[in-house]
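Q: 3D model of this:
(one chain, ligands or ions: 2)
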Amino acid sequence: MQLSTNNLNQLPKSIKVPSYDRNQVKTRMLHLGFGAFHRAHQAIFAEILASEHQSDWGFCEVNLVGGEQQINDLIAQDYLYNVCEMQGDNWQTRTVGVVKEALHPEIHGIDAVINRMLDPNIAIVSMTVTEKGYCYVPATGSIDFENAAIAHDLQSPEIPKSLPGLIVETLKRRKEQGIAPFTVMSCDNMPENGHITKNVILAMANKRDPELAKWIADNVTFPSTMVDRIVPAMTPETAVKIQSQLGQIVDNVAIACEPFKQWVIEDNFVAGRPEWEKAGAQLVSNVIPFEEMKLRMLNGSHSFLAYLGYLAGYQYINECMQDSAYEKAAYYLMVNEQAPTLSIKNVDLPQYANALIERFKNTGLKHRTWQIAMDGTLKLSQRLLDSIQIHLNNGSSFDYLALAVAGWMRYISGKDDNQAQIQISDPLATKLAELVAQSEDDESRVTSLLSLDSLFCAELVNNALFTEKVTNFYLSLRDNGAKKTIETLNNLHSL
Ligand code: NAI
Ligand code: CS2
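A: Ligands and ions are numbered 1, 2, ... in the order given. A predicted model of the protein is given here:
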């Protein structure tokens, strides 16, 4: 029996179901990107506020690219779904009731999405659309006008396909119709995610009409946020475990995550906001130190483990953590090479690193190294390269960071340490395959991949120490494999 309002009371009693009147909750936020993460993060903060603080802030959920089935399932389930927090074998499940509506351009038409965004009651448009959704160039932070969706939206602005195109078109219509604007809030893992969002939207608007760009700059805010909760993509194994929690009720939208969650938000909203602080979020004037900390310590070590772990045959992050060499390397990377680059004050960074290691060890999470390894051309800058640049400027050591970059290059080269083919998932996969094909499996591979100027800036590529280190690690990975290379490096470094 598929989950719905009518059978909510048939869920096992251990599951926390909405205790408030769902009719009191209004669509005041529209979220773009109803993927795994949003379901277990922003939606849970809203759920806590509705159930414990009489909040009426609810969501209209939209998937712009893919995810039609999730939107259909959500509608079929009266917008209800379950989130299972898992720590090892311990599970805590709650049903989310704050979603009020759901739309998809492929199902309802893009006009239906735009019209919903014109409602004056929509005060916040938030998003988790992966780094790809912003159509930007990591090395510069600027919009990529060569992106096919952006080119389409400049030709046909009234039927947008890209996130920047959709937001610009909607804001244009709100301006023309005298409707006050909404706040645009990115919840993606990018450095200064609010600034990147603002940059791409203003660049798009400026191409269309400089007056509109000025109006947006004067009237819309783009708060940056630091978001954290590990929410792996669903696996068949996790789906079976979730089903065992739900008894006879079937939930096609359910998701599993870790118990930990964190949200730091720049307090800059033009049309009001939920009282997220009552649900444990931190509202601050400057998010950058928090973002840097999380992106470099957590995501940086995640990418290290993803590339080096995948090469060695580890399918999941918690498998990497069972290998003491990988655990030591991840900790060393965090404490000795990422922490010194950070500007955050009053945080015990070794303690933060230890907490991250424990989170990575969670055996309840089936977090694929392959999932984290994807889209490397949009992840490496904020996770690894920015820190490397700081070390080069300071003359400090960055061996593990360089090994992670070499690990990405080895991974992109397409064969793991057992010579099994790797399926590369990256928006620049074709370009990467060309660069690999044009080079030999030696120093020239590194040189070839470093020519990717949307990722590697000239300052890095021209730095002999950087290129030498990455090249040496690349050759070691080729000759000795990932595990041996990590063990050798660990022997040179004591904690
Ligand atoms: P997912 O794969 O489950 O969902 C991706 C979402 O992005 C889908 O809703 C899809 O419609 C949308 N999307 C993909 N490409 C797009 C494009 N070009 N334009 C517009 N929308 C697009 O991924 P998940 O787990 O929800 O993660 C999404 C993002 O959330 C991550 O990339 C990251 O930035 C952020 N995040 C994820 C965490 C996690 O543990 N899953 C934790 C912290 C942040
Ligand atoms: C991961 C992140 O997929 C990835 O690249 O590093 O999604 C990570 O799980 C989250 O940022 C944790 O908050």
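
Q: Pull the contacting residues for the residue in the stretch 201-350 of the chain that ligand 1 sits nearest to.
A: Closest to ligand 1 within the stretch 201-350 of the chain is residue 231: 3.9 Å, counting by C-beta to the nearest ligand atom. C-beta coordinates here come from the backbone N, C-alpha and C atoms, glycine included. Listed by C-beta atoms under 8 Å, 6 or more residues apart in numbering, the contact set of residue 231 reads 36, 37, 39, 40, 41, 255, 256, 257, 258.

Q: and the second one, how many residues sit next to it?
A: The burial count assigned to residue 37 is 23, neighbours taken as other C-beta atoms under 10 Å.

Q: Tell me if it really is in a strand.
A: No: assessed with DSSP: H, G, I helix; E, B strand; the rest coil, residue 37 is helix; it does not lie in a strand.

Q: And the pLDDT for it?
A: Residue 37 carries a pLDDT value of 98.

Q: What separation do you get for it and ligand 1?
A: 3 Å (C-beta to the nearest ligand atom, to the nearest Å).

Q: Also the fourth one?
A: As defined by C-beta to the nearest ligand atom, residue 40 lies at a distance of 8 Å from ligand 1.

Q: ok, that residue - contacts?
A: Residue 40 sits next to 83, 229, 231, 255, 256, 257, 261 when contact means C-beta under 8 Å, 6+ apart.

Q: mind giving me JSON lines with the residues you listed and columns for pLDDT, distance to residue 191 and secondary structure?
A: Converted to JSON lines, those look like this (pLDDT from 0 to 100; distance: C-beta to C-beta, whole Å; DSSP: H, G, I helix; E, B strand; the rest coil):
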{"residue": "83", "pLDDT": "98", "distance to residue 191": "28", "secondary structure": "strand"}
{"residue": "229", "pLDDT": "98", "distance to residue 191": "19", "secondary structure": "coil"}
{"residue": "231", "pLDDT": "98", "distance to residue 191": "20", "secondary structure": "coil"}
{"residue": "255", "pLDDT": "98", "distance to residue 191": "26", "secondary structure": "strand"}
{"residue": "256", "pLDDT": "98", "distance to residue 191": "28", "secondary structure": "strand"}
{"residue": "257", "pLDDT": "98", "distance to residue 191": "23", "secondary structure": "strand"}
{"residue": "261", "pLDDT": "98", "distance to residue 191": "21", "secondary structure": "coil"}
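
Q: Flag every residue of the stretch 301-450 of the chain that's near ligand 2.
A: 302, 371, 372 (C-beta under 6 Å from any ligand atom).

Q: Contact partners for the second one?
A: Read that as residue 371. By C-beta under 8 Å, 6+ apart, the neighbours of residue 371 are 232, 233, 306.

Q: is it true that the first one touches residue 256?
A: Meaning residue 232. Yes: between residue 232 and residue 256 there is a contact under C-beta atoms under 8 Å: 7.5 Å.

Q: more neighbours, those two?
A: Counted by other C-beta under 10 Å, residue 232 and residue 256 do not tie: residue 256 has more neighbours, with 25 against 20.

Q: Pairing-wise in the sheet, spell out the partners of that one.
A: Counting by DSSP bridges, residue 256 is bridged to residue 84.

Q: so it touches residue 90, yeah?
A: No: contact criterion C-beta under 8 Å: residue 256 and residue 90 do not qualify, at 12.0 Å.

Q: follow-up on the earlier one: could you export the contacts of residue 40 to JSON lines, including columns for distance to residue 95?
A: Formatted as JSON lines, those follow (distance: C-beta to C-beta, whole Å):
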{"residue": "83", "distance to residue 95": "8"}
{"residue": "229", "distance to residue 95": "18"}
{"residue": "231", "distance to residue 95": "17"}
{"residue": "255", "distance to residue 95": "12"}
{"residue": "256", "distance to residue 95": "14"}
{"residue": "257", "distance to residue 95": "14"}
{"residue": "261", "distance to residue 95": "17"}
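
Q: Next, show the common contact partners of residue 256 and residue 90.
A: Common neighbours of residue 256 and residue 90, counting by C-beta under 8 Å, 6+ apart, are residue 364.

Q: what pLDDT, on average, does the helix ranked longest in the chain get?
A: The longest helix of the chain (DSSP state H) is helix 464-492. Mean per-residue pLDDT for helix 464-492: 98.

Q: same deal with stretch 212-227?
A: Averaged across stretch 212-227, pLDDT comes to 98.

Q: rewinding a little: any idea which of the contacts of residue 231 is closest to residue 456?
A: residue 37 (27.9 Å; C-beta to C-beta).

Q: how much space is there between that closest one and residue 10?
A: Distance of residue 37 to residue 10, computed by C-beta to C-beta, to the nearest Å: 28 Å.

Q: that older thread, okay, and the common contacts of residue 232 and residue 256?
A: Residues touching both residue 232 and residue 256 comprise 238, 365, with contact defined as C-beta under 8 Å, 6+ apart.
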